[in-house]
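Novice: just the structure for this:
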Amino acid sequence: MKVTFSAFNLHKSLYSKLIIDNWKIDEGSSWAVFATDQDVGSLLLKVLTDNLKKSDDYTGHVNRTASKVAHVSLIDQQDLLESELAKDDTDFLNRVDIGSNVYELIFQECQNEMLTQSLLKELDLGHLQSHGFRQLSSGETRRIMLARALAMEPDFLVLDNILTGLDIAHRQSISRLLTSLSSRDKNPIQMLVIFSREEDAPEWIENIALFSQGEFKETMVKMSWEQHPLINQIKEQSAVQSQNIVSLIRRHQYQPNSIEPIFEIKHGQVNYLDNIIFTDIHWRIENRQHWQIQGPNGCGKSTLLGLIFGDHPQCYSNDIYIFGKKRGTGETIWDIKKQIGMVSSALHLQYRVSCSALQVVLSGFYDSIGLYTIPTRKEREQAKEWLAILNMSQYETTSFRQLDYSQQRLLLIARALVKQPKLLILDEPYQGLDYFGKRLIQTTVDFIARENLSQLLYVSHYEDDHIESIQNTLVFYYDIGLECYRTKVMKL
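Specialist: Here you go, the predicted structure:
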């Protein structure tokens, strides 16, 4: 597909915009797009899939030749999951409704059995083909979204942070697959790959377009991008702003009671239908300990965190102690949640209510999805401080659902931090953040751990995300004999 932008200017909001004075994408030429801040991916996707409407506020011209375009993004993934949740008939059936399974979701895009089986194999989905979409981890659903896009047999493929949420092995295998698809002799696929992590720069693409504050700045080869002064400028700016966030946390900090253990599980096991996800977990978290949880996609990391947070239905069928109390001995879920801050993809999906950006942050004081309590004056002042420090004060009354995915993620992180929790659970916290946002939050998390402002439970698949102050690791591994996952403890 050939695409030419000329004096193009699209404004979705004060924060979200796409400005391209002059950019030409030649037929068959693949590009990588790196944005230092703001979500240009969703706007580029809108333009390239010819979804601009008369109501959209844009000027200039975009000319593109006819082509079959497919795309993968976190928003696509969220939309499909919401669609599957809306079709959940478990309440009306005498069984669990798993919804559309993996095979069906891929086959419906191509109606081709041979292609479906090939994609199941290439994307390591064969063992999951009978599983419902809602049963799967975020990394597994990411691979399904790519399989669905490839099932359309596109000429042009737009991939918005395609590697986010994937474990190391699957990042490597998908990178090899995309390299092969873009360079094959017969019907190579032209690609536009948007990335916000330095380590996710696609190795098979040499041309990079650089965007900053939504504006197309320049094009360059990969070596020039790696040494670009703007990257160091962003790093320095995020470090300064992280210090401001930590100062805000210190200003409102209080010292909760220290109770042993923070969390303990004995002989932990979780089943789903006839499948054992993990078994025989023994894990104890002492006061002032930070932990990282590692393991491949689908091993049960988020499920284990759900047992701690109290959102998983099997938290009462396991032998669990939380903040010194045995779970199920009279404590309420709100007694537990008021001491925990949580950021995860599951929470992001659940936050589908209609409320403003300010209300999202305020809801952190009450551990609610949405705001149903009148906040105090002090709470409102603190929440507004968080909006200001994240440069989002102008969105105080803006609906959460109208904001970009990256903006939503920042608000959910502020929601977790605003009440100064004893325990801070960060399950892939940087997913969906732009480059500046990721640097900002990672530096902040490092400060929090170093100064013990909260205890961290931290999940990330990227080695570069390691926090030096985290010295304890719980590692999931697959037990072939038991055909399920187990864990082991490692200390640095």
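
Novice: only C-alpha atoms for contact and neighbour calcs from this point on.
Specialist: OK.

Novice: Arg134 belongs to a strand?
Specialist: No. Counting by DSSP: H, G, I helix; E, B strand; the rest coil, Arg134 falls outside a strand, being helix.

Novice: so what's it up against?
Specialist: For Arg134, the contacting residues are 81, 84-85, 98-99, by C-alpha atoms under 8 Å, 6 or more residues apart in numbering.

Novice: try 7 Å this time
Specialist: Arg134 is in contact with 81, 98, counting by C-alpha atoms under 7 Å, 6 or more residues apart in numbering.

Novice: try Ile265
Specialist: Contacts of Ile265 by C-alpha under 7 Å, 6+ apart are 281-284, 319-321.

Novice: so which of those wins on neighbours?
Specialist: Neighbour counts for the contacts of Ile265 (other C-alpha atoms under 10 Å) peak at Ile320, which has 22 neighbours.

Novice: with pLDDT, secondary structure and distance to Leu423 as added columns, please give the contacts of Ile265 in TSV.
Specialist: Shown next, in TSV, are those (pLDDT from 0 to 100; DSSP: H, G, I helix; E, B strand; the rest coil; distance: C-alpha to C-alpha, whole Å):
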residue	pLDDT	secondary structure	distance to Leu423
Ile281	95	strand	20
His282	95	strand	19
Trp283	95	strand	16
Arg284	95	strand	14
Asp319	92	strand	20
Ile320	92	strand	16
Tyr321	91	strand	14
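
Novice: longest helix in this protein, by number of residues?
Specialist: helix 229-251 (DSSP state H).

Novice: give the other helices and strands that it contacts.
Specialist: Packing partners of helix 229-251 (3 or more C-alpha pairs under 7 Å, 6 or more residues apart in numbering; DSSP states H and E): helix 435-450.

Novice: hmm, who's touching the helix or strand just after the helix it packs on?
Specialist: Going down the chain from helix 435-450, the next helix or strand is strand 455-459, by DSSP states H and E. With C-alpha under 7 Å, 6+ apart as the test, strand 455-459 has contacts from 288-294, 422-428, 449.

Novice: what distance separates strand 455-459 from the centre of its chain?
Specialist: Here the centre of strand 455-459 is set off from its chain's centre by 16 Å, with C-alpha atoms, centre = their mean, to the nearest Å.

Novice: run the chain-centre distance for the helix or strand of the chain with the lowest mean pLDDT.
Specialist: Confidence across the helices and strands of the chain bottoms out at helix 222-226, with a mean of 76, counting by mean pLDDT, DSSP states H and E. Chain-centre distance of helix 222-226: 26 Å, with C-alpha atoms, centre = their mean.

Novice: so which of the contacts of strand 455-459 are in strands?
Specialist: 291-294, 423-427 (DSSP state E).

Novice: helices of the stretch 51-200 of the chain, residue ranges please.
Specialist: Taking DSSP state H, counting those that start in this stretch, the helices of the stretch 51-200 of the chain run over residues 74-86, 102-110, 113-122, 138-151, 168-183.

Novice: among those helices, which is the most enclosed?
Specialist: helix 138-151 (a mean of 23; mean count of other C-alpha atoms under 10 Å).

Novice: average pLDDT for that helix?
Specialist: Computed over helix 138-151, the mean pLDDT rounds to 95.

Novice: before we move on, what about stretch 423-430?
Specialist: What stretch 423-430 shows for mean pLDDT is 94.

Novice: quick one: low-confidence ranges for the stretch 251-400 of the chain?
Specialist: 254-258 (pLDDT under 70).

Novice: try 90 this time
Specialist: Within the stretch 251-400 of the chain, the stretches with pLDDT under 90 are 251-261, 272-275, 288, 309-317, 323-338, 345-347, 349-354, 391.

Novice: what segments of it are strands?
Specialist: Secondary structure of the stretch 251-400 of the chain, counting by DSSP state E, counting those that start in this stretch: strands at 263-272, 275-285, 291-294, 319-322, 325-326, 340-343.

Novice: what's the spacing between Tyr372 and Tyr351?
Specialist: The gap separating Tyr372 from Tyr351 is 14 Å, by C-alpha to C-alpha, to the nearest Å.

Novice: rewinding a little: which parts of the longest helix of the chain are buried?
Specialist: Counting neighbours by 16 or more other C-alpha atoms under 10 Å, one finds that the buried residues in helix 229-251 are 234, 238-239, 241-242, 245-246, 248-249.

Novice: how far out from the middle of the chain is that helix?
Specialist: 21 Å.

Novice: and stretch 85-102, by the same measure?
Specialist: That offset, for stretch 85-102, works out to 25 Å (C-alpha atoms, centre = their mean).

Novice: swap in stretch 391-406?
Specialist: Counting by C-alpha atoms, centre = their mean, stretch 391-406 comes out at 18 Å from the chain centroid.

Novice: ok, stretch 373-382 next?
Specialist: Remark: stretch 373-382 is offset 29 Å from the chain centroid, using C-alpha atoms, centre = their mean.

Novice: kindly check the end-to-end length of that stretch for me.
Specialist: OK, stretch 373-382 end separation, C-alpha to C-alpha: 16 Å.

Novice: do stretch 49-65 as well
Specialist: End-to-end span of stretch 49-65 (C-alpha to C-alpha): 11 Å.

Novice: check contacts around the closest residue in space to Tyr478 that isn't next to it in sequence.
Specialist: Excluding the flanking residues, the one nearest Tyr478 by C-alpha to C-alpha, 6 or more residues apart in numbering is Tyr485, at 4.4 Å. Contacts for Tyr485 (C-alpha under 7 Å, 6+ apart) come out as 277-279, 299, 476-479.
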